Structure formats: C-alpha cells, structure tokens
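Engineer: Below: sequence and its predicted model.
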Amino acid sequence: MSVGENIRKQREAKGLTQKELADKVFVTPQAISRWEKDAVEPSVETLKQMAILFGISIDDLVKDQSAGKTMPENQQNIAIVLPPPATAPKPESEVPASAAASKLLGVCIRCGKAIYEGDQFDYGSKTISYYGKGHRHEKVRYSLSPEGSGHDFLCQNCVDDINAVARQESHNRAVAVKSRHHKAWGWSIFAGVVALFLAIVIGVTLLKNNEQAGGTWILSLSPLIAYMFFSLVFVLISSNTFVSDVFMEIVSFAFVKMPGVIFSLDFDGVVFLIAVKILFALLGFLLFTSVFLLAVVVSGLFSMFMFPVALKRDPDIA
C-alpha cells in the first residue's frame with residue numbers, strides 16, 4: 001500500500017473529508033487529492049502533522065502495507081530525512097541533480113520558481129486591475145483555480161501564502177460585518193427613540209393648544225413613526241437593499257446648479273449680486289430640505305417592509 005493509500009485509509013478511519021484534512025494540515029483539498037492519487041508526495045513537516053493527527057508514527061504512514069514492509073530505502077529516505085537548514089538561494093545556473101533529472105513543468109507565476117515533475121504545486125491564475133486617476137496604479141491578485149483547471153502553476157509556498165491571505169481577508173470581513181451590524185443597531189435604536197420622543201412631544205403640544213385631532217393622530221402614530229425611523233437608519237447603514245439606492249436617487253435631485261447672475265461693476269451691481277446670491281442660497285436650502293424630507297418619507301415607508309430582509313443579509317462593506 002502506497003503513501004497515498006495510507007493517507008486515504010487513515011483519513012477515512014478518522015471520518016475526515018479531504019477538505020477537513022486539508023484545513024487541519026494547512027493545505028488545499030486539491031493537494032490532499034493528489035497525495036492520495038500518488039501524483040505527488042507530501043513534505044516531511046506535513047507527514048509529521050498527519051502522523052500526529054492520525055495517532056501513528058511516520059513509519060506507519062509511509063509503510064508499504066501490501067508488501068508487509070516499509071518503502072524501499074531510497075524512497076524512505078526522501079520521506080523521513082529532515083531537510084538541511086535554509087541557506088541563501090542558489091544561482092539559477094545551479095540546478096540540483098534531482099531537478100535536472102526531472103521534467104520541467106513550468107514556473108510559478110507568483111515567485112518565478114521552477115516547478116519540476118514530483119514537486120508540490122497547484123494551478124492558479126493572475127489578475128491585474130488598474131485604479132487611480134488615469135489608471136496609473138495596478139493591483140495584482142493571485143488565486144487558485146478549481147481542481148484540474150487552469151494552465152498556470154503556483155508553487156506550494158505561494159499556495160500556502162495565498163491561502164493565508166484568503167483566511168485573513170475572510171477574518172477581516174467577518175470583523176467588518178460584525179462592526180457594521182453593531183453600528184447599524186446602535187444608530188437605528190437611537191433614531192427610533194428620538195423619533196418616538198419628538199412625536200410624543202409634538203402630540204402633547206398639539207393637545208395643549210386644543211388641536212385635538214392632530215395631537216391624537218400624532219400620539220397614535222408615534223410607535224409607527226419610531227419604527228419607520230429605526231428601520232430607515234438600519235437599512236441605510238446596512239446598505240444591502242434597494243432602499244439606500246432609492247434614498248440617494250431622490251436626494252440627488254436636491255443638488256441643482258443655480259443660474260449665473262449678470263451685474264454691473266458698481267455699488268448697486270455688487271449689492272444686487274449679494275442679494276441674489278443670498279436668495280439662491282435660501283432657495284437651495286429650501287429645495288434640499290424639501291427633497292430630503294421626501295426621500296426620508298419614501299425610503300422610510302420602503303424600509304419598514306425591507307428591515308427583515310436587511311437584518312438577514314450581511315451589510316455591504318465594499
């Protein structure tokens with residue numbers, strides 16, 4: 001029984017899937033699949049990790065069960081002898097004899113390391129995106145390809161780095177989502193309480209001024225008003241439904257460019273210019289206030305129904 005068959009047998013005995021084993025030894029499921037198919041062999045450190053995980057020795061893991069003995073001496077040495085201490089990289093002209101005897105498959109698209117037959121590697125892709133004014137900057141991103149697809153190579157060190165970056169990005173996103181949830185809950189509760197308080201104050205004030213109908217309506221609708229502002233703030237901060245788009249689309253109508261003013265270069269002309277500018281400022285303020293209130297009312301009505309949807313989705317943190 002080969003090393004790959006031993007790994008598969010021990011994995012199945014522990015009730016682990018290839019992905020679960022890969023997570024425990026910090027490799028990809030594709031690497032586990034290739035090991036079990038005897039396409040490549042795991043490193044010494046990985047063999048030690050799996051031996052500890054399975055509760056057996058390295059000898060048991062590399063033993064040829066079908067022959068009743070361990071692997072041939074030349075293969076066994078490859079599996080259990082510790083590698084020499086890391087040294088400075090050799091010049092490209094110095095190619096190890098074992099590598100020279102192997103078939104060159106290609107080079108790692110990330111670090112440029114040569115990959116020979118029998119080396120641990122994976123398939124990947126390289127994506128370049130441009131950003132900044134005039135697209136003067138570029139961002140390079142490497143990703144693993146699905147098993148069996150792709151033609152570009154990634155060495156095992158780069159695969160481990162990419163997986164580590166992916167785990168860190170996943171962790172950062174989880175932290176950001178949690179923070180956004182807390183922010184949404186905090187501000188929405190504050191908005192709901194303030195809206196309820198103001199509605200009660202306005203309703204009581206109307207009743208004291210003998211506006212019975214208006215005061216009664218405001219007091220009756222105060223819980224609904226509070227819920228509308230609560231849900232609106234939560235949905236806008238989460239920004240994971242169409243409500244935030246509706247709100248911003250309506251508010252955009254408030255930003256209207258005022259026309260230019262023709263005036264003479266004398267005292268009366270300057271006074272006229274100042275007066276017109278003040279008038280335009282007041283008109284702009286009134287327009288913005290009216291449109292903003294319209295956006296609040298329309299988006300608030302939508303948010304009352306979309307709040308449960310926003311609650312179930314992760315906030316948009318892009």
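Structural biologist: Structure's in. What do you need? Numbering: from 1, shown residues only.
Engineer: is residue 108 in a bridge, and if so with what?
Structural biologist: Beta-bridge partners recorded for residue 108 (DSSP bridges): residue 153.
Engineer: so it touches residue 121, yeah?
Structural biologist: Yes - with contact defined as CB atoms under 8 Å, residue 108 and residue 121 form a contacting pair (7.5 Å). For the C-beta atoms, the positions are set from N, CA and C on the backbone; glycine is no exception.
Engineer: between the two, what contacts are shared?
Structural biologist: 115, 153-155 (CB atoms under 8 Å, 6 or more residues apart in numbering).
Engineer: State the pair within those residues that is farthest apart.
Structural biologist: 115 and 154 (8.6 Å; CB to CB).
Engineer: between the two, what contacts are shared?
Structural biologist: With CB under 8 Å, 6+ apart as the test, residue 115 and residue 154 both reach 108, 121.
Engineer: Tell me which of the two has more neighbours.
Structural biologist: residue 154 (28 against 20; other CB atoms under 10 Å).
Engineer: ok, the spatially closest residue to that one that is not a sequence neighbour to residue 10 distance?
Structural biologist: Distances taken as CB to CB, 6 or more residues apart in numbering place residue 124 nearest to residue 154, at 4.0 Å, with adjacent residues excluded. Counting by CB to CB, to the nearest Å, the gap from residue 124 to residue 10 is 29 Å.
Engineer: go on, residue 125?
Structural biologist: Taken as CB to CB, the span from residue 125 to residue 10 is 33 Å.
Engineer: Who has more neighbours out of the two?
Structural biologist: residue 10 (19 against 15).
Engineer: Helix or strand next in line after the helix or strand containing the more buried one, which one?
Structural biologist: Per DSSP states H and E: residue 10 is located in helix 3-13. Remark: after helix 3-13, the chain's next helix or strand is helix 18-25, criterion DSSP H and E.
Engineer: how far does the helix or strand that that next one is followed by sit from the chain's center?
Structural biologist: Elements were assigned by DSSP H and E; along the chain past helix 18-25, the next helix or strand is helix 29-36. Between the centre of helix 29-36 and the centre of its chain there are 27 Å (CA atoms, centre = their mean, to the nearest Å).
Engineer: Helix 29-36: which residues count as buried?
Structural biologist: Within helix 29-36, the residues scored as buried using 16 or more other CB atoms under 10 Å are 30-36.
Engineer: likewise stretch 34-47?
Structural biologist: Applying a neighbour-count criterion of 16+ other CB under 10 Å, one finds 34-36, 40-42, 46-47 buried in stretch 34-47.
Engineer: Find the residue ranges of the chain scoring beneath the pLDDT cut-off.
Structural biologist: 1, 64-102, 132-136, 147-150, 263, 318 (pLDDT under 70).
Engineer: and with 50 instead?
Structural biologist: 67-101 (pLDDT under 50).
Engineer: If you count residues, where's the longest helix of it?
Structural biologist: Across the chain, the longest stretch assigned as helix under DSSP state H is helix 156-208.
Engineer: That one - contacts with which helices or strands?
Structural biologist: Judged by 3 or more CB pairs under 8 Å, 6 or more residues apart in numbering; DSSP states H and E, the packing partners of helix 156-208 are strand 121-131, strand 137-144, helix 212-238.
Engineer: 10 Å instead?
Structural biologist: Of the remaining helices and strands, those touching helix 156-208 by 3 or more CB pairs under 10 Å, 6 or more residues apart in numbering; DSSP states H and E are helix 18-25, helix 29-36, strand 121-131, strand 137-144, strand 152-155, helix 212-238, helix 267-312.
Engineer: Reformat these as CSV; add distance to residue 250.
Structural biologist: CSV is the format used below for the helices and strands packed on helix 156-208 (distance: least, CB to CB, whole Å):
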stretch, distance to residue 250
helix 18-25, 47
helix 29-36, 48
strand 121-131, 30
strand 137-144, 34
strand 152-155, 47
helix 212-238, 12
helix 267-312, 4
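Engineer: right, and the ones you listed - which one's nearest residue 246?
Structural biologist: Checking these against residue 246 by CB to CB gives helix 267-312 as the closest, at 5.5 Å.
Engineer: That'll do, ta.
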